[in-house]
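Student: here is my input; please provide its structure:
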Amino acid sequence: MEIKEVITCHGHAHVRGSHKTTFEITCEDELSPQGDCIIGVCSDKGAADLADNFCSLLADERAILTTCLQAGGISCEIRSRGSSQMTFDHPTDLVWRRSEFVCGRTIGIGSDHVARTLPRELINLLSGGADMVVIMTVCREE
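Tutor: Next comes the predicted model:
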């Protein structure tokens, strides 16, 4: 079984993409220079807006999340895992983490990319305000 969620957002002049352990997308429209993990603003969904069936499938240790970031002809695929501890209750944020830490903003753990390792071409487009599509596909290993 496989379930998809599609999110749209866009970049901001303060996107730096330099965080070592996470990357984030937010519904907020402003970004301070300290937000070095945030790569997308004005997202049309936060964690609390994701479909119930998507969240149910991802809230399992066997779940695999594949996230495709697409902007200006550049794309990047990120692989992460789900967790039974995920609550998906944050109203504005989605965070992908390299670590196993889980909170209401967490959408993926054990991610194979973080802000600092995303393609610089993608980060440059986003720092110029480019629109981005985020396609998340979750499946569960049986």
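Student: ok, and what's touching stretch 17-34?
Tutor: Contacts to stretch 17-34, defined as Cβ atoms under 8 Å, 6 or more residues apart in numbering, come from residues 7, 9, 12, 14-16, 35-46, 91-99, 105, 111, 113-116, 118, 120, 122-123, 126-127, 134. (C-beta placed from N, C-alpha, C; glycine too.)
Student: what ranges do the helices span in this structure?
Tutor: Using DSSP state H, the helices of the chain run over residues 52-58, 120-127.
Student: indicate which one of these is closest to Cys139.
Tutor: Set against Cys139 and scored by Cβ to Cβ, those come closest in helix 52-58, at 7.5 Å.
Student: tell me which other helices or strands the closest one touches.
Tutor: With contacts taken as 3 or more Cβ pairs under 8 Å, 6 or more residues apart in numbering; DSSP states H and E, helix 52-58 sits against strand 2-10, strand 131-140.
Student: most tightly surrounded among those?
Tutor: Of all the helices and strands packed on helix 52-58, strand 131-140 has the most neighbours on average by mean count of other Cβ atoms under 10 Å, namely a mean of 19.
Student: roughly how far is that strand from the heart of the chain?
Tutor: Relative to its chain's centre, strand 131-140 lies at 8 Å (Cα atoms, centre = their mean, to the nearest Å).
Student: taking strand 2-10 as reference, get the angle to that strand.
Tutor: Relative orientation of strand 131-140 versus strand 2-10 (axes from the mean of the first three to the mean of the last three Cα atoms, to 10 degrees): 160 degrees.
Student: so for strand 131-140, what's the average pLDDT?
Tutor: Average pLDDT, strand 131-140: 97.
Student: what of stretch 46-56?
Tutor: According to the model, stretch 46-56 has a mean pLDDT of 98.
Student: can you get me the start-to-end distance on that stretch?
Tutor: Start and end residues of stretch 46-56 are separated by 16 Å (Cα to Cα, to the nearest Å).
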